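Student: Prediction below, plus the sequence it came from.
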Amino acid sequence: MNSRIAAKLASLPRGSILARGMSSSYKNTKVLAGQDKNINTRIYTLGPAAWPVVGVTGPFGTTGGESLWRSYLTGTHALVQKGSVVENPQITLETALLSKWRAEHHPLWRASSEWDERLEPQDVQTTIISSLQLEAYRRLSDYLSGSLHRNGLRPRKGAILIVDVRTGEYLAKVQYPSVDPNMIRSGWMAWDRFVTSPNGYVDSNGQIIDLVDNTDRAPGSTAKLNTIMALLSSGQGKAKFYCAPGIKVNGHRINDFGDAAHGWVDAEKIIKYSCNRGAAQAAQAVGPNQLLLFYREKLRYRLPHMPRPEDNFRANYDKIAFGQTISASLKEMMTTVSAIARGGEAIELHVVRKRPEDVEKWRVCSQSTASALTRYMVSAAKPGGTAYSVYENKVVWPSKTGSAEVAGAKKTDAWFVGFAPADNPRVAFVLWVEEDGTGSNMAKQIGVVPLVQQALDITGK
Ligand SMILES: [Zn+2]
């Protein structure tokens, strides 16, 4: 972009990006990003904690929410609504400013309009609760700061997503490593370091690499929730499968974590003990085509790494059953978990405030299937279950652990998902940390119990 235009753009009035303060109420809002009138500079009040929501804008570039919501923040949206300018994808604020600048410098070049003088900047109200966002970020960064990825150039990555399952609102959306937008809008060198950082903050188009929307990692055993949901939905909820060394499914020998052999397992034990052989046979009972249909049409997973999903599911349904050879994002896992919490109805997850009637809902499975899965997830959180070490009877929240193998890595990706409380749930959570070990250990170290308790306190008011 022309640097004069960029500077002009950066100095235009701009609406604020708002969060909720310390409660679910929209009465007390907190500014996440706003103009400091005295020094004509954008201020990011939560620093690196709100980065994946807010992004940054400055003379050198714009990304994240600042980019996504720019037509509201700059006020062009309001002008289009009022009919003052025609909505045209070609007419961006930048091209209008460019035209104006040319007109000022080249008398023969007529300005297309003066509408940039009439801009009406609007605030964007996000659903984020700032105190919870900060706490989630603090816990994740405490856990990962000082960690090193096996290639040695950057720390390991992680992300936490907390949602109000009653509304589909994101309450917290954090990722690590993160950057302080106050630092990177300061100059070319800071921006350049940022876009070329091995931490991978932005893609080649300068857009934020959002670890919630685009985790795209194997979900490991958290995917067993989908397998068992499909099994129950196919009317085979009473099926039993045998788990012992040497069991082959789809021509592949299936191994269980820590060489476990679980004997006869039903749907509940597959979730409670996280049994791979049972899950693989459950996927066989459902059938690869039906399982794929369930993923695509009910759960609406995108399956970005599968060029020919029909072939992939036929060849590898046994591994897909326990979340290998398939990828999912935190958001997609959240669709599964929140649908279970909501009695089988999925809800559109969103980060900008919406009227309840505008939030899309769709049925994924029956109420009885969701209730059964809730019971199984509760037993995973009780003694003998894979999530028990996180709770140790202090609380019992429906949960599922995941440890997903990654090619070339010594340690598995750690996943931990669930919702709380078990009856009339209010919040759901998905935690992911790259190459970390078991999901239960990660969740315990990060402190998922006090974090989710804080979310429950806030949403219970
Ligand atoms: Zn097993």
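Tutor: Good, I have the coordinates.
Student: Could you tell me which residues of the protein lie near the ion?
Tutor: 243, 256, 262, 275, 277 (C-beta under 5 Å from the ion). The C-beta positions use only the backbone N, C-alpha and C, and glycine is treated the same way.
Student: Out of those, the closest to V337 would be?
Tutor: Sorting the residues of the chain next to the ion by how near they are to V337, with C-beta to C-beta, puts C275 at the top with 19.8 Å.
Student: roughly how far apart are G402 and T412?
Tutor: Remark: distance between G402 and T412 (C-beta to C-beta, to the nearest Å) = 8 Å.
Student: what ranges of the stretch 1-150 of the chain fall below the confidence cut-off?
Tutor: Counting by pLDDT under 70, the stretch 1-150 of the chain has low-confidence residues at 1-11, 84-102, 107-117.
Student: got any residues that touch both of G402 and T412?
Tutor: G220 (C-beta atoms under 8 Å, 6 or more residues apart in numbering).
Student: Looking at the two, which has the bigger crowd around it?
Tutor: Neighbour totals were compared for G402 and T412, and G402 leads with 32 against 21 (other C-beta atoms under 10 Å).
Student: does the more buried one really touch V430, like I thought?
Tutor: No - the pair G402 and V430 does not pass the contact test of C-beta atoms under 8 Å, sitting 9.9 Å apart.
Student: shared neighbours of those two, anything?
Tutor: With the criterion set as C-beta under 8 Å, 6+ apart, the overlap between the contacts of G402 and V430 is 415-417.
Student: With respect to the ion, which of those is nearest?
Tutor: Checking those against the ion with C-beta to the ion, the nearest one is W415 at 18.3 Å.
Student: helix or strand for the residue of the stretch 301-450 of the chain found nearest the ion, which one?
Tutor: Using C-beta to the ion, the point where the stretch 301-450 of the chain gets nearest to the ion is F322, with a distance of 9.8 Å. Per DSSP states H and E: F322 is located in neither a helix nor a strand.
Student: quick one: it and S197, what's the gap?
Tutor: Applying C-beta to C-beta to F322 and S197 gives a distance of 34 Å.
Student: Repeat that for R253.
Tutor: Using C-beta to C-beta, one gets 42 Å for the distance from R253 to S197.
Student: If you count surrounding residues, which of these two has more?
Tutor: Between R253 and S197, counted using other C-beta under 10 Å, the more crowded position is S197 (15 against 11).
Student: what sits against the more buried one?
Tutor: So, once contact is read as C-beta under 8 Å, 6+ apart, S197 ends up touching 154, 179.
Student: Run through the helices of the stretch 51-200 of the chain in chain order.
Tutor: 51-54, 65-68, 70-74, 76-82, 93-105, 130-144, 181-184, 188-195 (DSSP state H, counting those that start in this stretch).
Student: Revised request: answer the last question for the stretch 301-450 of the chain.
Tutor: Taking DSSP H, counting those that start in this stretch as the criterion, the stretch 301-450 of the chain carries its helices at 309-320, 330-341, 367-380, 388-391, 439-446, 448-459.
Student: Right, I'll call it a day here.
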